[in-house]
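Visitor: Have a look at this fold, sequence not included:
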């Protein structure tokens with residue numbers, strides 16, 4: 001029944017027929033994360049990196065109510081330039097599909113759509129998590145609940161530095177989500193290769209990661225896996241520098257009575 005809502009690109013369809021590895025990609029960064037034309041350039045470069053490494057990219061989005069598994073160049077351009085693209089999380093998918101609207105998928109929505117399409121690996125920049133002062137605001141990313149229940153492995157550069165990473169790890173532990181470091185003992189923090197927190201397990205070979213993923217689901221242990229892969233050293237920021245920037249931004253937010261959901265965009269702006 002779910003196949004009625006899915007629409008595959010020719011490249012992805014061919015990959016499924018030939019049992020080639022397929023890697024899911026989100027689309028929120030295209031519509032809501034970067035300006036045009038850098039967003040299109042980035043999306044195409046990421047897809048090409050996946051092809052060069054022997055897999056097939058499947059950028060996911062909702063267009064005219066159809067869940068698109070793999071996008072054409074015209075569809076990428078549409079997502080990158082249109083002002084009529086909703087930011088789609090789990091709660092938004094039924095509405096966007098039923099009303100034949102457009103949506104760029106977040107981490108949580110991409111995981112759902114990837115599982116519907118039988119894609120087991122999804123690559124993104126950084127996962128969401130428990131926000132700072134969440135004990136007061138209850139601001140917790142839907143990404144974490146999706147990782148608790150959806151069978152997709154999420155390869156990422158860790159959790160974003162602006163989050164409460166300690167509480168994020170506690171939440172994932174409570175829901176039985178393994179956090180695995182690829183060639184690292186420490187959880188990277190998106191902008192940085194390190195953080196004050198350790199991963200649960202370390203793997204140094206892709207085969208080890210694949211075996212861990214397969215063992216989890218073969219045992220009937222539902223839910224995702226975080227594969228934390230630090231960004232290259234050349235692109236990383238210094239942990240102390242980024243921590244100081246965030247702490248100063250938090251202080252400024254309190255002084256200016258910026259609170260609730262307004263804190264995150266304020267912090268991101270200061271970091272940028």
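Guide: Yep, it's here. None of these values were measured; they are calculated from a predicted model.

Visitor: Is the nearest residue to residue 34 once chain neighbours are set aside in a helix, a strand, or coil?
Guide: Spatial nearest neighbour of residue 34, excluding adjacent residues (C-beta to C-beta, 6 or more residues apart in numbering): residue 42 at 6.1 Å. C-beta: built from backbone N, CA, C; applies to glycine. What DSSP: H, G, I helix; E, B strand; the rest coil gives for residue 42 is helix.

Visitor: residue ranges with poor pLDDT in the stretch 151-272 of the chain?
Guide: 260-261 (pLDDT under 70).

Visitor: can you give me the helices in it?
Guide: 165-174, 206-218, 239-255, 263-271 (DSSP state H, counting those that start in this stretch).

Visitor: Reformat these as JSON lines; add distance to residue 115 and mean neighbour count.
Guide: Shown next, in JSON lines, are the helices of the stretch 151-272 of the chain (distance: least, C-beta to C-beta, whole Å; neighbours: other C-beta atoms under 10 Å):
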{"stretch": "helix 165-174", "distance to residue 115": "18", "mean neighbour count": "18"}
{"stretch": "helix 206-218", "distance to residue 115": "11", "mean neighbour count": "14"}
{"stretch": "helix 239-255", "distance to residue 115": "33", "mean neighbour count": "14"}
{"stretch": "helix 263-271", "distance to residue 115": "27", "mean neighbour count": "16"}
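
Visitor: Could you dump these into TSV with distance to residue 32 added?
Guide: Below are those laid out as TSV (distance: least, C-beta to C-beta, whole Å):
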stretch	distance to residue 32
helix 165-174	22
helix 206-218	29
helix 239-255	21
helix 263-271	11
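
Visitor: So which of the ones you listed is nearest residue 96?
Guide: Among the helices of the stretch 151-272 of the chain, the nearest to residue 96 by C-beta to C-beta is helix 263-271 (22.7 Å).

Visitor: Pull the distance from that closest one to the chain's centre.
Guide: Relative to its parent chain, helix 263-271 has a centroid offset of 19 Å by C-alpha atoms, centre = their mean, to the nearest Å.

Visitor: tell me the angle of it relative to helix 239-255?
Guide: 130 degrees (axes from the mean of the first three to the mean of the last three C-alpha atoms, to 10 degrees).

Visitor: which residues are in contact with helix 263-271?
Guide: 131-133, 137, 139, 161-162, 191, 242, 245-246, 248-250, 252-253, 258 (C-beta atoms under 8 Å, 6 or more residues apart in numbering).
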